[in-house]
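Participant: have a look; sequence and predicted model below, questions after that.
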Amino acid sequence: MSARTGRSYVVSEFLHRHLLKLIVVSYGLAAAFPALGLWIKDAEVLDVGSPLGRITMTIPKLLLSLLLFNAGMKVGVARVGQMARRPGVILAGLATNLAVPLIFLAVMVPALRAWHNPDEAAVVLVGLALVTAMPIAGSSTGWAQAADGDMALSLGLVLGSTLLSPLTTPASLHALGSIAPGRYGVELHHLADRDTGAFLAAWVLLPSLLGIVARSALGEGRAEAVGRHLKVIAPVTLLVLCYANASSCLPQALGHPDWDFLGIILTFVTGLCVVTFSAGYVLGRLLRADRGQRAALMFGLGMNNNGTGLVLASLALGSQPMVMLPIIVYNLTQHLVAGCVDALLRRAGTDPGGDGVGGRGAGGPGPSVRIRGVRPRFEAEAVTSSAGPS
């Protein structure tokens, strides 16, 4: 191994092992020093005309595309074949991933309607609507792998939700707009109609597919070599994206904290997170899935691509930066809940009578052996991405 490759490996391992802490640091920098982040968020890299209309690439769009391309580079042709052999579980997971968050928010609408400040209630609803409408986070595959989950199923959920996102995201926003009261619903319908599907197709779906094609064209050996370099670039890209988007709302939120507003955000975010992780567990039981499949379903249904949500919010709702606050809180909370789920799965896996993770879905018969002290390493959010792991 060359010195340069060795340094690259060390930096990569550090970034992936401490990614959640580094995201918290990036949020702290956004709160204390937002000027550079605001410039990054609005800076244009390219602005040209085309037969399809004007194409404007901002730095956040470019960063998001890089994250999704990197995620696509991780999907090998053999993996796609493995996904195709279990379409029933993947389709059930994708359907549940769409339905459960919508039901949760529908049930919570009366509580938001009763909140003393309608503007705060609107921020919470619109922010969480964006969270639930996003595709499944690529970081869910990192958690599933750490829990000895079924990786073909985990990747299938991420890739499937990404492929469908240009259709499902606007549909989800319209569905929530139909049940949300008054101007909340108008806001969500307006967001769904603002070329959201085209944005996801251009900046999420296309880069992901280009990554898959690039891996196939390069071949496994060269793709792995390129991937080692991208493994350093991806988390740095994610951190810059987190910093830039958080610069819009965190200075105001933390400079003059409104504790009841922060409290209702945390309450709704935690409730949604717990419900979606639990939905993965219940679905696995209903499908009589093996242990590895159950782990993949829990992390897949519980984690959303918040990086995409933040970029979309900054572009479509730039005049309402506080909408990003629920997305930022969810981004951190989903990883904290994922850590708790991983600990529970690990404890069950070391209990001879427990329902641990492993077995057929983990790639072989019998329970797996866990090594004390080994922590899951996050994959940068993209097929991901978000803005936090995503």
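Facilitator: Nice, thanks for sending it over. Residues are numbered from 1 along each chain as shown.

Participant: can we go C-alpha only for contacts and neighbour counts from here?
Facilitator: Will do.

Participant: where does the stretch 1-150 of the chain dip in pLDDT?
Facilitator: Flagging of the stretch 1-150 of the chain using pLDDT under 70 yields the residue ranges 1-6, 49-54, 76-84, 86.

Participant: strands along that one, start to end?
Facilitator: Secondary structure of the stretch 1-150 of the chain (DSSP state E, counting those that start in this stretch): strands located at 44-50, 53-58.

Participant: hmm, who's touching the first one?
Facilitator: Just to be clear, that refers to strand 44-50. Residues external to strand 44-50 that are found in contact with it (Cα atoms under 8 Å, 6 or more residues apart in numbering): 54, 55, 56, 57, 58, 59.

Participant: just the buried members of the residues you listed?
Facilitator: With neighbours counted by 16 or more other Cα atoms under 10 Å, the contacts of strand 44-50 contain buried members at 57, 58, 59.

Participant: centre of the chain to the one helix or strand residue 334 maps to, how far?
Facilitator: Mapping residue 334 onto the secondary structure by DSSP states H and E places it in helix 324-349. For helix 324-349, the gap between its own C-alpha mean and the chain's C-alpha mean amounts to 12 Å (Cα atoms, centre = their mean, to the nearest Å).

Participant: measure stretch 306-325 end to end?
Facilitator: Its start and end residues considered, stretch 306-325 measures 11 Å (Cα to Cα, to the nearest Å).

Participant: any stretches of the stretch 251-390 of the chain with poor pLDDT?
Facilitator: When residues are selected by pLDDT under 70, those of the stretch 251-390 of the chain lie in 318, 349-390.

Participant: repeat that for 80
Facilitator: 315-320, 348-390 (pLDDT under 80).

Participant: returning to what we had before: show me what the helix holding residue 334 is packed up against.
Facilitator: Here helix 324-349 is seen to pack against helix 118-133, helix 139-146, helix 220-246, helix 259-286, helix 291-302, helix 306-316 when contacts are counted using 3 or more Cα pairs under 8 Å, 6 or more residues apart in numbering; DSSP states H and E.

Participant: just the buried residues of the fourth one, please?
Facilitator: Within helix 259-286, the residues that qualify as buried by neighbour count (16+ other Cα under 10 Å) are 261-262, 264-266, 268-270, 272-281, 283-284.

Participant: and the angle from it to helix 324-349?
Facilitator: 40 degrees (axes from the mean of the first three to the mean of the last three Cα atoms, to 10 degrees).
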